[in-house]
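Peer 1: build me a structure from this.
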Amino acid sequence: MLRVAVVAGGYSDESVISLKSGELIYASLNAEKYDRTRVRILKEGWFAEIDGKKYPILKEDFSFIKEGEKYTFDVVFNTIHGTPGEDGYLQAYFELIGMPYTGCPFYQSALTFNKKDCIAALSKYGIPHAKSIYIQKDSDYVVEDIISHVGLPCFVKPNRSGSSLGISKVNKKEQFEDALIKAFHEDKEVLIESFLDGIEVSVGVLNYRGEIKVVGITEIVSDNEFFDYEAKYEGKSQEITPARIPDEVTKRVEEISKKAYTSLNMTGFSRSEYIIVNGEPHFIEMNTLPGFSPASIFPQQAAYSKIELSDLMDSEINLALNRKSPWQE
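Peer 2: Sure, this is the predicted structure:
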(Lines give C-alpha, C1' and ligand atoms only; values in the text may rest on other atoms or scores of the structure.)
Protein backbone atom coordinates (compact mmCIF):
# COMPACT_ATOMS: atom_id res chain seq x y z
CA MET A 1 0.00 0.00 0.00
CA LEU A 2 1.41 3.40 -1.02
CA ARG A 3 2.21 5.74 1.83
CA VAL A 4 0.87 9.21 0.99
CA ALA A 5 1.59 12.40 2.92
CA VAL A 6 -1.27 14.88 2.51
CA VAL A 7 0.59 18.14 3.09
CA ALA A 8 -1.39 21.23 4.12
CA GLY A 9 -0.93 24.51 5.95
CA GLY A 10 1.72 26.96 4.81
CA TYR A 11 3.18 30.22 6.04
CA SER A 12 0.64 32.68 4.61
CA ASP A 13 -2.90 33.78 5.43
CA GLU A 14 -4.10 31.10 3.01
CA SER A 15 -3.19 28.35 5.48
CA VAL A 16 -6.78 28.22 6.76
CA ILE A 17 -8.06 27.41 3.26
CA SER A 18 -5.22 24.95 2.70
CA LEU A 19 -6.14 22.95 5.79
CA LYS A 20 -9.71 22.64 4.50
CA SER A 21 -8.43 21.59 1.07
CA GLY A 22 -6.21 18.99 2.71
CA GLU A 23 -9.17 17.44 4.50
CA LEU A 24 -11.19 17.02 1.30
CA ILE A 25 -8.22 15.51 -0.52
CA TYR A 26 -7.46 13.22 2.42
CA ALA A 27 -11.08 12.02 2.37
CA SER A 28 -11.00 11.57 -1.43
CA LEU A 29 -7.95 9.30 -1.40
CA ASN A 30 -9.02 5.66 -1.53
CA ALA A 31 -8.16 4.24 1.90
CA GLU A 32 -7.94 0.75 0.38
CA LYS A 33 -5.15 1.91 -1.96
CA TYR A 34 -3.29 4.42 0.17
CA ASP A 35 -1.90 4.63 3.67
CA ARG A 36 -2.74 8.31 4.27
CA THR A 37 -1.07 10.66 6.76
CA ARG A 38 -1.87 14.30 7.42
CA VAL A 39 1.27 16.43 7.43
CA ARG A 40 1.20 20.05 8.58
CA ILE A 41 3.79 22.54 7.37
CA LEU A 42 3.33 25.64 9.50
CA LYS A 43 5.48 28.48 10.80
CA GLU A 44 5.60 26.79 14.18
CA GLY A 45 6.93 23.57 12.70
CA TRP A 46 6.52 20.58 10.39
CA PHE A 47 4.77 17.53 11.84
CA ALA A 48 2.73 14.46 11.00
CA GLU A 49 -0.63 14.37 12.76
CA ILE A 50 -2.02 10.95 13.72
CA ASP A 51 -4.94 10.44 16.13
CA GLY A 52 -4.46 13.90 17.57
CA LYS A 53 -0.74 13.39 18.23
CA LYS A 54 2.05 15.31 16.52
CA TYR A 55 5.29 13.76 15.26
CA PRO A 56 8.04 16.14 14.05
CA ILE A 57 9.06 15.75 10.41
CA LEU A 58 12.75 15.00 9.85
CA LYS A 59 13.68 17.36 7.04
CA GLU A 60 16.65 15.37 5.76
CA ASP A 61 14.27 12.84 4.15
CA PHE A 62 10.72 13.99 5.06
CA SER A 63 10.14 11.16 7.51
CA PHE A 64 9.10 10.93 11.15
CA ILE A 65 9.62 8.65 14.13
CA LYS A 66 6.62 6.99 15.77
CA GLU A 67 7.05 4.67 18.75
CA GLY A 68 10.73 4.19 17.94
CA GLU A 69 10.15 3.30 14.29
CA LYS A 70 10.97 5.47 11.29
CA TYR A 71 8.07 6.17 8.96
CA THR A 72 8.77 7.22 5.36
CA PHE A 73 6.50 8.22 2.46
CA ASP A 74 6.23 7.08 -1.16
CA VAL A 75 4.64 10.29 -2.45
CA VAL A 76 3.49 13.70 -1.24
CA PHE A 77 0.10 15.15 -2.12
CA ASN A 78 0.75 18.87 -1.87
CA THR A 79 -2.28 21.00 -0.91
CA ILE A 80 -0.54 24.14 0.38
CA HIS A 81 -1.88 27.39 -1.07
CA GLY A 82 0.58 30.28 -0.98
CA THR A 83 4.11 30.00 0.36
CA PRO A 84 6.00 27.66 0.61
CA GLY A 85 3.85 25.10 -1.21
CA GLU A 86 2.63 27.03 -4.24
CA ASP A 87 5.61 29.26 -5.01
CA GLY A 88 8.20 26.57 -5.72
CA TYR A 89 10.15 26.39 -2.46
CA LEU A 90 8.64 23.14 -1.22
CA GLN A 91 8.77 21.55 -4.67
CA ALA A 92 12.50 22.35 -4.95
CA TYR A 93 13.06 20.75 -1.54
CA PHE A 94 11.23 17.59 -2.62
CA GLU A 95 13.31 17.47 -5.81
CA LEU A 96 16.52 17.67 -3.79
CA ILE A 97 15.61 14.81 -1.47
CA GLY A 98 14.11 12.70 -4.27
CA MET A 99 10.54 12.69 -2.97
CA PRO A 100 7.77 12.37 -5.61
CA TYR A 101 5.08 15.05 -5.25
CA THR A 102 1.85 16.04 -6.98
CA GLY A 103 1.33 19.21 -8.97
CA CYS A 104 3.74 21.08 -11.19
CA PRO A 105 7.55 21.34 -10.79
CA PHE A 106 9.23 24.10 -8.81
CA TYR A 107 9.94 26.38 -11.78
CA GLN A 108 6.33 26.42 -12.98
CA SER A 109 5.19 26.93 -9.40
CA ALA A 110 7.43 29.96 -8.93
CA LEU A 111 6.54 31.42 -12.32
CA THR A 112 2.76 31.14 -12.01
CA PHE A 113 2.77 32.38 -8.41
CA ASN A 114 4.37 35.61 -9.64
CA LYS A 115 1.52 37.28 -11.54
CA LYS A 116 3.77 39.78 -13.33
CA ASP A 117 6.21 37.13 -14.59
CA CYS A 118 3.45 34.71 -15.60
CA ILE A 119 1.65 37.38 -17.64
CA ALA A 120 4.95 38.37 -19.29
CA ALA A 121 5.69 34.74 -20.21
CA LEU A 122 2.22 34.08 -21.64
CA SER A 123 2.21 37.33 -23.61
CA LYS A 124 4.97 35.79 -25.75
CA TYR A 125 2.39 33.23 -26.88
CA GLY A 126 -0.15 35.87 -27.89
CA ILE A 127 -2.47 35.42 -24.90
CA PRO A 128 -4.31 38.71 -24.21
CA HIS A 129 -4.19 40.39 -20.78
CA ALA A 130 -4.97 43.70 -19.06
CA LYS A 131 -2.66 46.71 -19.07
CA SER A 132 -0.56 46.72 -15.92
CA ILE A 133 2.11 48.47 -13.87
CA TYR A 134 4.36 46.80 -11.31
CA ILE A 135 5.80 48.55 -8.24
CA GLN A 136 7.81 47.46 -5.22
CA LYS A 137 7.42 48.56 -1.62
CA ASP A 138 9.24 51.81 -0.84
CA SER A 139 9.85 52.48 -4.55
CA ASP A 140 9.08 55.87 -6.07
CA TYR A 141 5.86 56.19 -8.03
CA VAL A 142 3.48 58.90 -9.16
CA VAL A 143 -0.18 58.04 -8.71
CA GLU A 144 -1.24 60.28 -11.60
CA ASP A 145 1.16 58.49 -13.96
CA ILE A 146 -0.14 55.07 -12.93
CA ILE A 147 -3.75 56.10 -13.39
CA SER A 148 -2.90 57.68 -16.73
CA HIS A 149 -1.54 54.32 -17.92
CA VAL A 150 -4.12 51.84 -16.53
CA GLY A 151 -7.13 54.14 -16.16
CA LEU A 152 -9.93 54.06 -13.61
CA PRO A 153 -11.34 51.89 -12.27
CA CYS A 154 -8.34 49.63 -11.77
CA PHE A 155 -7.28 46.74 -9.56
CA VAL A 156 -4.46 46.92 -7.02
CA LYS A 157 -3.27 43.47 -5.99
CA PRO A 158 -0.32 41.71 -4.35
CA ASN A 159 1.94 40.30 -7.05
CA ARG A 160 2.41 37.02 -5.15
CA SER A 161 -0.70 36.00 -3.24
CA GLY A 162 -3.86 33.97 -3.66
CA SER A 163 -7.47 33.63 -2.49
CA SER A 164 -7.99 37.28 -3.52
CA LEU A 165 -6.20 38.41 -0.36
CA GLY A 166 -5.08 42.05 -0.43
CA ILE A 167 -6.90 42.96 -3.65
CA SER A 168 -8.82 46.24 -4.03
CA LYS A 169 -10.85 47.76 -6.82
CA VAL A 170 -9.98 51.45 -7.07
CA ASN A 171 -12.69 53.65 -8.52
CA LYS A 172 -11.17 57.03 -7.74
CA LYS A 173 -7.75 58.49 -7.10
CA GLU A 174 -8.41 59.03 -3.38
CA GLN A 175 -8.74 55.26 -2.81
CA PHE A 176 -5.36 54.42 -4.31
CA GLU A 177 -3.07 54.80 -1.28
CA ASP A 178 -5.30 52.69 1.01
CA ALA A 179 -5.40 50.01 -1.67
CA LEU A 180 -1.59 49.99 -1.84
CA ILE A 181 -1.30 49.64 1.94
CA LYS A 182 -3.67 46.65 1.84
CA ALA A 183 -1.76 44.99 -1.01
CA PHE A 184 1.66 45.62 0.53
CA HIS A 185 0.44 43.91 3.70
CA GLU A 186 0.40 40.65 1.70
CA ASP A 187 3.48 41.17 -0.48
CA LYS A 188 6.30 43.64 -1.05
CA GLU A 189 5.47 43.65 -4.76
CA VAL A 190 2.22 45.05 -6.19
CA LEU A 191 0.58 44.77 -9.59
CA ILE A 192 -1.87 47.44 -10.75
CA GLU A 193 -4.13 46.35 -13.61
CA SER A 194 -6.68 48.08 -15.77
CA PHE A 195 -10.33 47.15 -15.30
CA LEU A 196 -11.70 44.82 -17.95
CA ASP A 197 -15.45 45.11 -18.47
CA GLY A 198 -16.60 41.62 -19.34
CA ILE A 199 -17.61 38.19 -18.10
CA GLU A 200 -15.35 36.60 -15.49
CA VAL A 201 -14.71 32.88 -15.81
CA SER A 202 -12.60 30.42 -13.88
CA VAL A 203 -11.24 27.54 -15.94
CA GLY A 204 -10.00 24.24 -14.52
CA VAL A 205 -7.32 22.50 -16.58
CA LEU A 206 -5.28 19.44 -15.72
CA ASN A 207 -3.33 16.53 -17.10
CA TYR A 208 -5.86 13.74 -16.53
CA ARG A 209 -4.56 10.28 -17.33
CA GLY A 210 -2.09 11.73 -19.83
CA GLU A 211 -4.55 14.07 -21.59
CA ILE A 212 -4.71 17.86 -21.20
CA LYS A 213 -8.34 18.40 -20.24
CA VAL A 214 -10.55 21.39 -19.43
CA VAL A 215 -12.70 20.12 -16.57
CA GLY A 216 -15.03 23.09 -16.53
CA ILE A 217 -15.64 26.76 -17.27
CA THR A 218 -17.31 28.49 -14.34
CA GLU A 219 -18.93 31.90 -14.66
CA ILE A 220 -18.34 34.12 -11.63
CA VAL A 221 -21.09 36.55 -10.62
CA SER A 222 -19.98 38.31 -7.44
CA ASP A 223 -22.37 40.06 -5.06
CA ASN A 224 -19.45 42.34 -4.22
CA GLU A 225 -17.56 44.67 -6.55
CA PHE A 226 -15.32 41.78 -7.61
CA PHE A 227 -14.55 38.14 -6.75
CA ASP A 228 -12.87 38.88 -3.40
CA TYR A 229 -12.22 36.62 -0.40
CA GLU A 230 -15.75 37.07 0.94
CA ALA A 231 -17.25 36.23 -2.44
CA LYS A 232 -15.01 33.17 -2.84
CA TYR A 233 -15.39 31.60 0.58
CA GLU A 234 -18.36 33.17 2.33
CA GLY A 235 -21.10 32.67 -0.24
CA LYS A 236 -21.16 36.19 -1.68
CA SER A 237 -21.17 35.02 -5.30
CA GLN A 238 -22.82 32.79 -7.84
CA GLU A 239 -20.57 30.19 -9.45
CA ILE A 240 -22.29 28.90 -12.56
CA THR A 241 -20.92 25.80 -14.30
CA PRO A 242 -20.99 25.69 -17.27
CA ALA A 243 -20.61 29.41 -17.93
CA ARG A 244 -23.48 31.09 -19.80
CA ILE A 245 -21.47 31.92 -22.90
CA PRO A 246 -21.98 31.04 -26.59
CA ASP A 247 -20.50 27.83 -27.94
CA GLU A 248 -17.93 29.68 -30.05
CA VAL A 249 -16.75 31.62 -26.99
CA THR A 250 -16.59 28.39 -24.97
CA LYS A 251 -14.32 26.90 -27.64
CA ARG A 252 -12.11 29.99 -27.57
CA VAL A 253 -11.81 29.88 -23.76
CA GLU A 254 -10.90 26.19 -23.90
CA GLU A 255 -8.35 26.85 -26.63
CA ILE A 256 -6.66 29.71 -24.75
CA SER A 257 -6.72 27.84 -21.45
CA LYS A 258 -5.07 24.74 -22.90
CA LYS A 259 -2.54 26.94 -24.69
CA ALA A 260 -1.61 28.69 -21.44
CA TYR A 261 -1.27 25.34 -19.65
CA THR A 262 0.89 23.70 -22.33
CA SER A 263 2.96 26.84 -23.04
CA LEU A 264 4.13 26.81 -19.41
CA ASN A 265 4.78 23.03 -19.48
CA MET A 266 2.31 22.60 -16.66
CA THR A 267 1.32 19.38 -14.93
CA GLY A 268 -1.22 18.72 -12.21
CA PHE A 269 -4.29 20.75 -11.30
CA SER A 270 -4.63 24.36 -12.41
CA ARG A 271 -7.38 26.94 -12.28
CA SER A 272 -6.99 30.09 -14.36
CA GLU A 273 -9.05 33.26 -14.29
CA TYR A 274 -10.10 35.14 -17.43
CA ILE A 275 -12.23 38.14 -18.28
CA ILE A 276 -14.05 37.69 -21.59
CA VAL A 277 -14.19 41.00 -23.48
CA ASN A 278 -16.00 40.98 -26.85
CA GLY A 279 -15.66 37.20 -27.05
CA GLU A 280 -11.92 37.20 -26.33
CA PRO A 281 -10.64 35.78 -23.00
CA HIS A 282 -8.03 37.94 -21.26
CA PHE A 283 -5.72 36.12 -18.86
CA ILE A 284 -5.68 37.30 -15.21
CA GLU A 285 -3.80 34.63 -13.27
CA MET A 286 -3.15 30.91 -12.89
CA ASN A 287 -3.42 28.96 -9.64
CA THR A 288 -1.37 25.76 -9.64
CA LEU A 289 -2.81 24.56 -6.34
CA PRO A 290 -6.44 25.64 -6.58
CA GLY A 291 -8.65 25.43 -3.53
CA PHE A 292 -10.12 22.03 -2.74
CA SER A 293 -12.36 22.98 0.16
CA PRO A 294 -16.08 22.16 -0.15
CA ALA A 295 -16.65 25.79 -1.25
CA SER A 296 -14.00 25.67 -3.97
CA ILE A 297 -14.61 25.81 -7.71
CA PHE A 298 -12.35 22.99 -8.93
CA PRO A 299 -14.28 20.17 -7.18
CA GLN A 300 -17.50 21.63 -8.63
CA GLN A 301 -15.98 21.51 -12.10
CA ALA A 302 -14.86 17.91 -11.61
CA ALA A 303 -18.43 16.99 -10.65
CA TYR A 304 -19.70 18.75 -13.81
CA SER A 305 -17.26 16.67 -15.90
CA LYS A 306 -18.43 13.55 -14.07
CA ILE A 307 -14.93 12.81 -12.76
CA GLU A 308 -14.86 11.21 -9.34
CA LEU A 309 -12.51 12.95 -6.91
CA SER A 310 -10.92 9.60 -6.10
CA ASP A 311 -10.07 9.20 -9.81
CA LEU A 312 -8.52 12.68 -9.85
CA MET A 313 -6.37 11.73 -6.87
CA ASP A 314 -5.26 8.48 -8.55
CA SER A 315 -4.32 10.35 -11.73
CA GLU A 316 -2.29 12.94 -9.80
CA ILE A 317 -0.41 10.32 -7.81
CA ASN A 318 0.39 8.28 -10.93
CA LEU A 319 1.76 11.40 -12.64
CA ALA A 320 3.86 12.21 -9.58
CA LEU A 321 5.33 8.71 -9.38
CA ASN A 322 6.18 8.64 -13.09
CA ARG A 323 7.65 12.14 -13.40
CA LYS A 324 11.40 12.34 -13.78
CA SER A 325 13.49 14.93 -11.95
CA PRO A 326 14.97 17.71 -14.13
CA TRP A 327 18.42 16.10 -14.08
CA GLN A 328 16.97 12.72 -15.13
CA GLU A 329 15.32 14.01 -18.31
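
Peer 1: C-alpha from now on. contacts and neighbour counts both.
Peer 2: OK.

Peer 1: ok, Pro100 - contacts?
Peer 2: Asp74, Val75, Val76, Phe94, Ala320, Leu321, Arg323 (Cα atoms under 8 Å, 6 or more residues apart in numbering).

Peer 1: and those, which of them are in strands?
Peer 2: Mapping these onto strands (DSSP state E) picks out Val75, Val76.

Peer 1: kindly indicate the member of the contacts of Pro100 with the most neighbours.
Peer 2: Sorting the contacts of Pro100 by how many neighbours each has (other Cα atoms under 10 Å) puts Val76 first, at 24 neighbours.

Peer 1: touching, that one and Val7? I think so.
Peer 2: Yes. Counting by Cα atoms under 8 Å, Val7 is a contact partner of Val76 at 6.9 Å.

Peer 1: quick one, domains of this structure?
Peer 2: 2-102, 111-128+197-322, 132-194 (automatic domain parsing).

Peer 1: quick one: residues contacting Asn265.
Peer 2: Gln108.

Peer 1: checking it next. Helix, strand or coil?
Peer 2: Recorded secondary structure, Asn265: coil (DSSP: H, G, I helix; E, B strand; the rest coil).

Peer 1: which pLDDT value belongs to it?
Peer 2: For Asn265, the model assigns a pLDDT of 94.

Peer 1: if we can go back for a sec, for the contacts of Pro100, which one is nearest Glu193?
Peer 2: Proximity of the contacts of Pro100 to Glu193 (Cα to Cα) peaks at Phe94, which lies at 34.4 Å.

Peer 1: tell me how far that closest one lies from Lys43.
Peer 2: 18 Å (Cα to Cα, to the nearest Å).

Peer 1: what about the closest residue to Asn114 other than its chain neighbours, how many neighbours?
Peer 2: With sequence-adjacent residues excluded and distances taken as Cα to Cα, 6 or more residues apart in numbering, Asn114 is closest to Arg160, at 5.1 Å. Arg160 has 23 neighbouring residues, counting by other Cα under 10 Å.

Peer 1: I'd like the distance from the helix or strand harbouring Val39 to the chain centre, please.
Peer 2: Assigned by DSSP states H and E, Val39 falls within strand 34-42. Its chain's average C-alpha position is 20 Å from that of strand 34-42, according to Cα atoms, centre = their mean, to the nearest Å.

Peer 1: could you name the helices and strands sitting against whichever helix or strand comes after that strand?
Peer 2: Note on strand 34-42: by DSSP H and E, the next helix or strand toward the C-terminus is strand 45-50. Here strand 45-50 touches strand 34-42, strand 53-58, going by 3 or more Cα pairs under 8 Å, 6 or more residues apart in numbering; DSSP states H and E.

Peer 1: format those strands as TSV; extra columns: distance to Gly166.
Peer 2: Below are these laid out as TSV (distance: least, Cα to Cα, whole Å):
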stretch	distance to Gly166
strand 34-42	21
strand 53-58	32
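
Peer 1: reformat those as TSV; add mean neighbour count and distance to Glu254.
Peer 2: Formatted as TSV, the helices and strands packed on strand 45-50 follow (neighbours: other Cα atoms under 10 Å; distance: least, Cα to Cα, whole Å):
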stretch	mean neighbour count	distance to Glu254
strand 34-42	20	33
strand 53-58	15	41
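
Peer 1: any chance of those strands in a markdown table with mean pLDDT as columns?
Peer 2: Putting the helices and strands packed on strand 45-50 into a markdown table (pLDDT from 0 to 100) gives the following:
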| stretch | mean pLDDT |
| --- | --- |
| strand 34-42 | 98 |
| strand 53-58 | 98 |
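
Peer 1: and these: which comes nearest Gly88?
Peer 2: Of all the helices and strands packed on strand 45-50, strand 34-42 comes closest under Cα to Cα, at 14.4 Å.

Peer 1: name every strand pairing with the closest one and say which way it goes.
Peer 2: With DSSP bridges as the test, strand 34-42 is paired with strand 2-9 (parallel), strand 45-50 (antiparallel).

Peer 1: where along the stretch 51-200 of the chain do the strands fall?
Peer 2: Along the stretch 51-200 of the chain, counting by DSSP state E, counting those that start in this stretch, strands occupy 53-58, 63-66, 69-71, 75-78, 132-136, 154-158, 168-170, 189-194, 199-208.

Peer 1: okay, buried residues for the fifth one please.
Peer 2: When neighbours are counted by 16 or more other Cα atoms under 10 Å, the buried residues of strand 132-136 are found to be Ser132, Ile133, Tyr134, Ile135.

Peer 1: tell me how far the residue minimising distance to the centre of the chain lies from Lys53.
Peer 2: Nearest to the mean C-alpha position of the chain, by Cα atoms, centre = their mean, lies Asn287 at 2.6 Å. Distance, Asn287 to Lys53, by Cα to Cα: 32 Å.

Peer 1: again, but for Val201
Peer 2: Val201 is 42 Å from Lys53, by Cα to Cα.
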